[in-house]
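Novice: when you get a sec, could you give me coordinates for this:
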Amino acid sequence: MPAYVIFIREQTHDPAELEAYAKAVGPALEGVPFKPLAAYGRLEVLEGSAPEGVAIAEFASFEAARQWYASPAYQQAAQHRFKGATYRGLIVEGLPAPGASSKPTRRCTAGSQANASRGFLSPRATHSAS
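Specialist: Model (predicted):
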């Protein structure tokens, strides 16, 4: 089943560290099969407090996402993110592919993924929560 890495930026402390992270995260993703789904785009808060930004990526499995996150290359890059802002980070296991289960599934169509190719996890863009 696919899994999703979600980073929620709560508060920026040092923009220079986030810029260093943006430069370092690319090499940490090299050769890693993943699909960027959202990267600090427009958001609307439905409940709770507004984050500064959200990034979401799909990995082939929960284990693949965990392995990437724990990799030395990513952990080295992440040190800049830790210094640059307060984040919440999660790995969420997805649902089985349609047809993989005998239970009924619900389908919905996602909006445009035109922005998905913008640098995944790059905190450069900041958007209002309104």
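Novice: in the helix or strand where R9 lies, what's buried?
Specialist: For R9, the host element (DSSP states H and E) is strand 3-12. Of the residues in strand 3-12, A3, Y4, V5, I6, F7, I8, R9, T12 count as buried by neighbour count, 16 or more other CB atoms under 10 Å. Just so you know, the C-beta spots here come from the backbone N, C-alpha and C atoms, and that holds for glycine as well.
Novice: dump those residues to JSON lines, plus distance to E47.
Specialist: Output for the buried residues of strand 3-12, formatted as JSON lines (distance: CB to CB, whole Å):
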{"residue": "A3", "distance to E47": "24"}
{"residue": "Y4", "distance to E47": "19"}
{"residue": "V5", "distance to E47": "22"}
{"residue": "I6", "distance to E47": "16"}
{"residue": "F7", "distance to E47": "19"}
{"residue": "I8", "distance to E47": "13"}
{"residue": "R9", "distance to E47": "18"}
{"residue": "T12", "distance to E47": "22"}
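Novice: ok, so of those residues, who is nearest E58?
Specialist: Comparing the buried residues of strand 3-12 against E58 with CB to CB places Y4 closest, at 5.7 Å.
Novice: give me the beta-bridge partners of that closest one?
Specialist: Here Y4 sits in beta bridges with E58, V92, going by DSSP bridges.
Novice: quick check: longest helix of this structure.
Specialist: Longest helix in the chain by number of residues (criterion: DSSP state H): helix 15-29.
Novice: could I get the buried residue list for that one?
Specialist: So for helix 15-29, counting by 16+ other CB under 10 Å, buried means E17, L18, A20, Y21, A22, A24, V25, A28, L29.
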